[in-house]
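Visitor: need coordinates for the following:
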Amino acid sequence: MSELTDRICELIDGSSEGERRLVLNYLRQRVPVHPLEQQWSTTAEAILTAIARSSDLTLRGIRGILAEATFAQAVLPELESDGWKAVAIVGDQPYDFLLERSDARVRIQVKLQRREAGVPKEYAARSRASLNCASETVYVVEVQKTRSGEKKGQKTRPYRFGDFDILAVNLQPSTGDWSRFIYTVGNWLLPRRQQRELIEIFQPVPNCPDEYWTDNLSRCIEWFLAGTEKRLYA
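Guide: Modelled structure (predicted):
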């Protein structure tokens, strides 16, 4: 920082809370935090206040969008250094990101680890009994679309095997860290008992990497491209 900015910081540090708020309001009028403020003719604080008043369903949707944005900002740049390129998605697709490198393509669906009553949801004990899982704690990720509907007589909310290649799960609910993700191959997920072509809604997510889940996306891409056939904790 320059001598001037050092002096400004010293003055702010020595000011009262009320004085700091006045300075903040002064700066907010001159330095917009985000272009959306100008587009919507409002402030970031007003937007956050509106979000805070929203229903639980709306908050879940916003948290899911935040997980996707974090993936784009924190994870994708690392893959670009390995030659992968994010490709624009055309139309309404059952995946959030499309990556290409040479003749390889990877479709990634991003989900946020499930919460209930403000805490991370653990996998049901009865369902856990059928899994061969060494992790002491197993959480849940909900793998279905937000909106329900029908197309040609079939429900469109469920995901089908083949809709995406890799599932990326944001672990913020259990870790408090939005940059923490864990990954698995889409075809390794558990199927629904009555409709094996559909992906089960609640999938088990361990609290640490194992032979089915990894915190390294490049490794998960290698698993997918290798075509190894597995089923979570079978």
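
Visitor: which one is F202 nearest to, not counting chain neighbours?
Guide: Excluding the flanking residues, the one nearest F202 by CB to CB, 6 or more residues apart in numbering is V140, at 5.0 Å. Where C-beta positions appear, they are placed from N, C-alpha and C, glycine not excepted.

Visitor: do the same with P94
Guide: Taking CB to CB, 6+ apart, and ignoring the residues beside it in sequence, P94 has D163 as its nearest neighbour in space, at 3.8 Å.

Visitor: contacting residues around the one you found?
Guide: Taking CB atoms under 8 Å, 6 or more residues apart in numbering as the definition of contact, the neighbours of D163 are P94, Y95, R107, Q109, G186, I199.

Visitor: can you pull out the helices in this protein?
Guide: Taking DSSP state H as the test, the helices found in the chain are 3-13, 17-30, 35-40, 44-52, 56-70, 76-80, 125-128, 172-175, 217-226.

Visitor: and of those, who's closest to Q195?
Guide: Each of the helices of the chain was checked against Q195 via CB to CB, and the shortest separation belongs to helix 125-128, namely 17.2 Å.

Visitor: how distant is that closest one from the center of its chain?
Guide: Helix 125-128 has its average C-alpha position 25 Å from the chain's average C-alpha position, going by CA atoms, centre = their mean, to the nearest Å.

Visitor: please apply the same query to stretch 46-63.
Guide: Averaging C-alpha coordinates over stretch 46-63 and over its chain gives two centres that are 16 Å apart (CA atoms, centre = their mean).
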